[in-house]
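[1] just coords:
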């Protein structure tokens with residue numbers, strides 16, 4: 001898709017486009033999607049977000065609004081969005097695999113030499129279309145083809161057998177209160193649940209449980 005040259009538009013039209021773009025992002029749309037839909041370069045959209053964050057809708061009007069200089073530019077916000085949505089914090093030498101406001105604040109200090117409070121970081125992230133979400137954990141040992149084969153072939157056969165025998169199907173799992181216990185949220189685009197790659201290995205078993213499709217639950221605690 002070709003990028004649109006907004007310089008050909010009159011000042012009033014450009015002003016309306018800027019406001020419309022920011023309002024869409026405020027409503028939860030991703031800046032990347034807005035940039036693509038409007039045909040503008042991504043850096044333009046991130047620059048609008050930066051201006052809006054510092055001065056509200058008035059800062060998006062064609063006439064420059066006097067005030068203190070912005071701490072983060074559009075290019076800064078674009079780079080920050082890319083890091084948060086594409087990298088695991090562990091890749092950047094952080095001690096934890098989920099993004100937190102304080103960690104992102106530290107990232108902003110290291111990358112752009114700008115200090116923001118946790119509250120300001122939270123507001124900034126929401127304006128970028130990000131929200132704290134509980135990620136899905138998937139074992140990196142998982143065989144996707146084997147999973148699909150089970151869903152399409154083996155499980156339908158099990159359902160037929162259970163119906164014929166008037167039996168209830170339970171899905172069983174075993175877990176331990178150790179490294180395979182996951183808790184917390186990380187920042188990601190609104191409506192896009194993040195996936196964290198983690199080990200699927202079990203070090204020991206503390207609890208065995210089984211649940212049916214109707215929600216019937218059975219469990220047993222064991223020291224083995």
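    Noted; the coordinates are in hand. Nothing here was measured: the structure is a model prediction, and the numbers come from that model.
[2] Compute the number of surrounding residues for residue 60.
    Neighbourhood size, residue 60 [other Cβ atoms under 10 Å]: 22. (C-beta placed from N, C-alpha, C; glycine too.)
[3] cool, residue 33 as well?
    Summarising burial for residue 33: neighbours were counted as other Cβ under 10 Å, giving 14.
[4] pLDDT weak spots in this protein?
    1-11, 62-70, 137-140, 178-184, 198-205 (pLDDT under 70).
[5] Give me the three-state assignment for the residue most central in space within the chain.
    Most central residue of the chain, judged by C-alpha distance to the mean C-alpha position with Cα atoms, centre = their mean, is residue 188 at 1.7 Å. Here residue 188 is strand, with the state taken from DSSP: H, G, I helix; E, B strand; the rest coil.
[6] Wait, it touches residue 129, no?
    No: with contact defined as Cβ atoms under 8 Å, residue 188 and residue 129 do not form a contacting pair (9.6 Å).
[7] So for stretch 14-31, what gets flagged as buried?
    14, 15, 17, 18, 21, 22, 24, 25, 29, 30, 31 (16 or more other Cβ atoms under 10 Å).
[8] Confirm the fifth one sits in a helix?
    Okay, so that is residue 21. Yes: assessed by three-state DSSP, residue 21 belongs to a helix.
[9] what sits against it?
    Residues counted as contacts of residue 21 (Cβ atoms under 8 Å, 6 or more residues apart in numbering) are 34, 35, 38, 40, 45, 48.
[10] Where do the strands of the chain begin and end?
    With DSSP state E as the criterion, the chain has strands at 130-133, 136-139, 170-175, 186-189, 195-198, 207-212, 217-221.
[11] With respect to burial, which of those strands scores highest?
    Among those, strand 186-189 has the highest mean neighbour count (mean count of other Cβ atoms under 10 Å), at a mean of 21.
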